[in-house]
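Peer 1: using only what follows, build the 3D model:
(one chain, ligands or ions: 1)
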Amino acid sequence: MSQIEQDYLIKHAKSAELYTRAKECFPSGVTHDIRYLKPFPIFSREAKGGRKWDVDGNEYVDFFMGHGALLLGHSNPNVVQAIQNQAGLATHSGASHELEVEWAELVKQLIPAAEKVRFHSSGTESTLMALRLARGYTGKNKIVKFQSHFHGWHDYMVKGNATLTGVPEGTSDTVIVLPPNDIDIVEKTLKEDKDIAAVILEPTGANFGVLPIFPSFLRDLRESTKRHEVLLIFDEVVTGFRISKGGAQEKYGVTPDMTTLAKILAGGMPGGASTGRADIMDMISHTSDAEWNTKRRIAHQGTFNANPMAAAAGVAALSQIASQPINEKADANAKLLKDGLNDLFARIEVPGCACGVASIVEIKLGIPCVCPHREVCEMPHEGIKGQMGAAFQSKLRLALINAGMDTSRGTLLMVSSAHTKKDIDDTIFAYERAIAALRKEELL
Ligand SMILES: Cc1ncc(COP(=O)(O)O)c(C=O)c1O
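Peer 2: Residues are numbered from 1 along each chain as shown. Model (predicted):
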């Protein structure tokens, strides 16, 4: 067994015990694919600000940050207060309520494309509904998505990301997967196939922007989709409220027809939303026309839609984002982190770099990396993807956890406004220690 694994086992005896039980309950012992880690994942106990603690009492600087949901950090005091207040009032009263209106008003205020809103319980549901709305509104069947762009795990959006096991052929046949950043292929596809309802994408690129979309492609897509009367959907589940207060669409000045939201939207509680042009969203509207209601209208239910607990947390989070320099703070933290890591990689002569847009930091290790602006990585996607094998990535995560830092894949850091200078300094030191451990095992 490697030294990294031995250290991990010694530090995480209680997590190991829990994992033995978890394996009897869940496939592979986990409840989300990304949490799968060999020999076992850490089991967390509590979290505050930029830190979290596991069941063995180990402390971590946390950049997993609720899979990107926690722009304000863990246990933001206003969000905690709002959830506590609401829990005492009603967790679910099976009725319309004031907070859902406030929540939607904040979404409309912040997101340029949001004329009307419908709330869901997750990002997966929000893209499911956006696609149905697009098909219903246009009367067309097919959807264009881009290779590796993730839009949740429902049947329509698996193609281009994972195996199609269990997905009906008829469903996946309605989805066309194209390479990103190539407007000529999009243009040709939209010109030749007149059954395309919408184009959907992660506006900063696949996997939280790890495989970047160039902003010029967004502008080209807007023009091309308009020209061919195809709807444009930005999946801003990750980027919404993070890339700027108004998401990627505000930062890059490209307004889509529809936008899907989740994560930051609900302040760390489960929640999602599909939103967009009123004429499209009104496909869900009840009217006085019985023919419309029974033959054309799109039905939408959901026990936990606009759940009061999620609405309370969402309002508390979004109202702070709307009124305070939350994005500026998180972005400044990310810049400190990127600068510190790039200095470290240069000093210890490890090939790689830290880059990323706004408060997302992506680390590439083991390859000479040229991202001159430290924002959008300009390397070909194949170069980025091929850089680190699964075994290296898994060892890197273990080594980082041993050094007191946790983040998705060891390379994707979601920075919050609550991280402190000390959190950032400790993180840079954790990378230094992790890289030394990897070098000892000749992995870097
Ligand atoms: C861009 C994007 N869309 C949709 C989803 C699905 O959201 P959820 O996990 O809330 O279902 C995710 C999840 O990470 C995502 O990154």
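
Peer 1: can you show me the strands along the stretch 101-250 of the chain?
Peer 2: Using DSSP state E, counting those that start in this stretch, the strands of the stretch 101-250 of the chain run over 116-120, 142-146, 175-178, 196-201, 205, 211-212, 231-235.

Peer 1: worst average pLDDT in the ones you listed?
Peer 2: Lowest mean pLDDT of these: strand 211-212, a mean of 90.

Peer 1: follow-up on the earlier one: of the strands of the stretch 101-250 of the chain, which is nearest K159?
Peer 2: Checking the strands of the stretch 101-250 of the chain against K159 by C-beta to C-beta gives strand 175-178 as the closest, at 4.7 Å. C-betas here are computed from N, CA, C, even on glycine.

Peer 1: returning to that earlier point: out of the strands of the stretch 101-250 of the chain, which comes closest to the ligand?
Peer 2: Evaluated with C-beta to the nearest ligand atom, the strands of the stretch 101-250 of the chain place strand 231-235 nearest to the ligand, the distance being 4.6 Å.

Peer 1: anything in the closest one near the ligand?
Peer 2: Yes: Strand 231-235 is in contact with the ligand by C-beta under 6 Å from any ligand atom, via D235.

Peer 1: which residue does the stretch 201-350 of the chain have closest to the ligand?
Peer 2: For the stretch 201-350 of the chain, C-beta to the nearest ligand atom, closest residue to the ligand: V237, 3.5 Å.

Peer 1: skipping adjacent residues, who's closest to that residue in space?
Peer 2: G123 (3.7 Å; C-beta to C-beta, 6 or more residues apart in numbering).

Peer 1: quick one: the one you found and G271 touch, right?
Peer 2: No: in this structure G123 lies outside contact range of G271 using C-beta atoms under 8 Å: 9.2 Å.

Peer 1: give me the common contacts of those two.
Peer 2: Common contacts of G123 and G271 (C-beta atoms under 8 Å, 6 or more residues apart in numbering): A262.

Peer 1: quick one: pLDDT of K385?
Peer 2: On the pLDDT scale, K385 gets 60.

Peer 1: including mean neighbour count, could the strands of the stretch 101-250 of the chain go into TSV?
Peer 2: Compiled in TSV, these are given as follows (neighbours: other C-beta atoms under 10 Å):
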stretch	mean neighbour count
strand 116-120	24
strand 142-146	24
strand 175-178	18
strand 196-201	25
strand 205	27
strand 211-212	24
strand 231-235	28
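
Peer 1: which one of these lies closest to A436?
Peer 2: A436 lies closest to strand 211-212 among these, at 28.9 Å (C-beta to C-beta).

Peer 1: quick one: contacts of the closest one?
Peer 2: With C-beta under 8 Å, 6+ apart as the test, strand 211-212 has contacts from 148, 180, 204-205, 376-378, 381, 384-385.

Peer 1: picking up where we left off before, so who does the residue of the stretch 201-350 of the chain closest to the ligand touch?
Peer 2: Taking C-beta under 8 Å, 6+ apart as the test, what V237 contacts is 123, 126-127, 151-152, 260-263, 272.

Peer 1: quick one on the thing from earlier: show the pLDDT at the residue nearest to V237.
Peer 2: Per the predicted model, pLDDT is 98 at G123.

Peer 1: can you count the residues close to the residue in the chain positioned nearest to the ligand?
Peer 2: At 2.3 Å from the ligand, G123 is the closest residue in the chain, using C-beta to the nearest ligand atom. Neighbour count for G123, taken as other C-beta atoms under 10 Å: 29.

Peer 1: repeat for L398
Peer 2: L398: 25 neighbours (other C-beta under 10 Å).

Peer 1: and if you look at Q147?
Peer 2: Q147 has 14 neighbouring residues, counting by other C-beta under 10 Å.

Peer 1: one more: G160?
Peer 2: 20.

Peer 1: residues touching it, list them.
Peer 2: Counting by C-beta under 8 Å, 6+ apart, G160 has contacts 145-149, 175, 177.
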